[in-house]
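In: sequence-free structure coming up:
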């Protein structure tokens, strides 16, 4: 666990500054550790559920570094480019200060530590609980690791760490091809990402309003650039708890199904339960899922009718109607 590694690191020589603010980049909202003085910490978190958890804990949290810091702790994400970007961001925010990097082996910490060693000298490192914590002095040699949203090869705005950043997601494209022409007037795209699915939905004249709901603020920022149709509105929110301004005719989604690198079907099942609450009595849900994911039981629980209407060896397109009350 991160908690064990950070505490273990302080026993092995990691010494945090005794004063000044400490920047935490990407720290999970349920982080529990005695190694960090949270009363002096400022969290940068762009994932809405974790952002709200930090708010409820009374810890300073924002979307970008604000003010000065004496040290920074970077929590390793799965995406390598995003990890590099966070290290560059930490070094820029804490010139000549202490940088701490923590992560799991399954998220690529060992490869990243090797890259760090090729550019700068580590002041210390520990291995524990299937991961590593390393620390070094901030330097501008990582400036080329900085990343910003940009256009991919298909002309869409995306950013490091955003789902399907290199181009349109095949599952979403399969879903779009299977959807009927008429979806109703009030529609939501849950887990909208950078807006690829929503762009296709807005080709339908019957839509009066499309709500793009996305928990990753960076992805939603990209969606706001990609989707310029005035019928679209953007919501930085956890799709499992978001409430529409009025009940919807249709919900369309390609729900996430990973927690870290571990497949977690409960995420998609929670999206299905949320869709039931959002829909009108005659409302409909359309979703795409990897073939192996067990969503049929959740659909039968929350809707009076459900079926697989299309698919291939990789994906299945599921349709449900008449949500239970």
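Out: The structure has been received and is ready for your questions. This is a predicted model, so every value here is computed, not measured. Numbering: from 1, shown residues only.

In: Helices of the stretch 201-325 of the chain, residue ranges please.
Out: Here the stretch 201-325 of the chain has its helices, by DSSP state H, counting those that start in this stretch, at 217-226, 265-278, 296-302.

In: What are the buried residues along the first one?
Out: Using 16 or more other CB atoms under 10 Å as the test for burial, helix 217-226 gives 217-223, 226. From N, CA and C alone the C-beta is placed, and that goes for glycine too.

In: what does the longest one give?
Out: When burial is assessed from 16+ other CB under 10 Å, helix 265-278 yields the following buried residues: 265, 267-272, 274-278.

In: rewinding a little: and which of the buried residues of helix 217-226 is nearest residue 31?
Out: residue 217 (18.8 Å; CB to CB).

In: residue contacts, the closest one?
Out: Residue 217 sits next to 46-48, 63, 236 when contact means CB atoms under 8 Å, 6 or more residues apart in numbering.

In: Would you list the buried entries among those residues?
Out: Of the contacts of residue 217, these count as buried by 16+ other CB under 10 Å: 46-48, 236.

In: what bridges to the nearest residue to residue 220 once chain neighbours are set aside?
Out: Spatial nearest neighbour of residue 220, chain neighbours left out: residue 214 (4.3 Å); criterion: CB to CB, 6 or more residues apart in numbering. Residues in a beta bridge with residue 214, per DSSP bridges, are residue 236.

In: okay, now residue 214: neighbour count?
Out: Number of residues near residue 214 (other CB atoms under 10 Å) recorded here: 29.

In: Now do the contacts for it.
Out: Listed by CB under 8 Å, 6+ apart, the contact partners of residue 214 are 191-193, 220, 223, 234-237, 239.

In: remind me which residues of the protein are low pLDDT?
Out: Where the chain drops to pLDDT under 70, the residues are 1-3, 258-263.

In: Out of the buried residues of helix 217-226, the closest to residue 123 would be?
Out: Checking those one by one against residue 123 (CB to CB), the nearest turns out to be residue 218, at 30.2 Å.

In: so the closest one touches residue 149, yeah?
Out: Yes: in this structure, residue 218 is within contact of residue 149 by CB atoms under 8 Å, at 7.2 Å.

In: any shared contact partners between those two?
Out: Here residue 218 and residue 149 have residue 159 as joint contacts, going by CB under 8 Å, 6+ apart.

In: helices or strands next to the lengthiest strand in the chain in the packing?
Out: Assignment by DSSP state E gives strand 279-290 as the longest strand of the chain. Applying 3 or more CB pairs under 8 Å, 6 or more residues apart in numbering; DSSP states H and E, one finds that strand 279-290 contacts helix 170-178, strand 248-253, helix 265-278, strand 315-323.

In: roughly how far is it from the heart of the chain?
Out: 22 Å (CA atoms, centre = their mean, to the nearest Å).

In: now do stretch 35-47
Out: Here stretch 35-47 is found 18 Å from its chain centre; the criterion is CA atoms, centre = their mean.

In: same thing with stretch 127-144?
Out: Its chain's C-alpha centre and that of stretch 127-144 lie 22 Å apart, by CA atoms, centre = their mean.

In: Numbering from 806 from now on, please.
Out: Shifting the count to begin at 806 puts that one at stretch 932-949.

In: ok, residue 967 touching residue 1024?
Out: Yes: counting by CB under 8 Å, residue 1024 is a contact partner of residue 967 at 4.6 Å.

In: Could you tell me how far residue 840 is located from residue 911?
Out: Distance, residue 840 to residue 911, by CB to CB, to the nearest Å: 22 Å.

In: neighbour count winner among those two?
Out: Taking other CB under 10 Å, residue 840 and residue 911 do not tie; residue 840 has more neighbours (20 against 12).

In: Disregarding flanking residues, what is the spatial nearest neighbour of that one?
Out: Nearest to residue 840 is residue 811, by CB to CB, 6+ apart, at 3.9 Å.

In: Does the one you found belong to a helix, a strand or coil?
Out: helix (DSSP: H, G, I helix; E, B strand; the rest coil).
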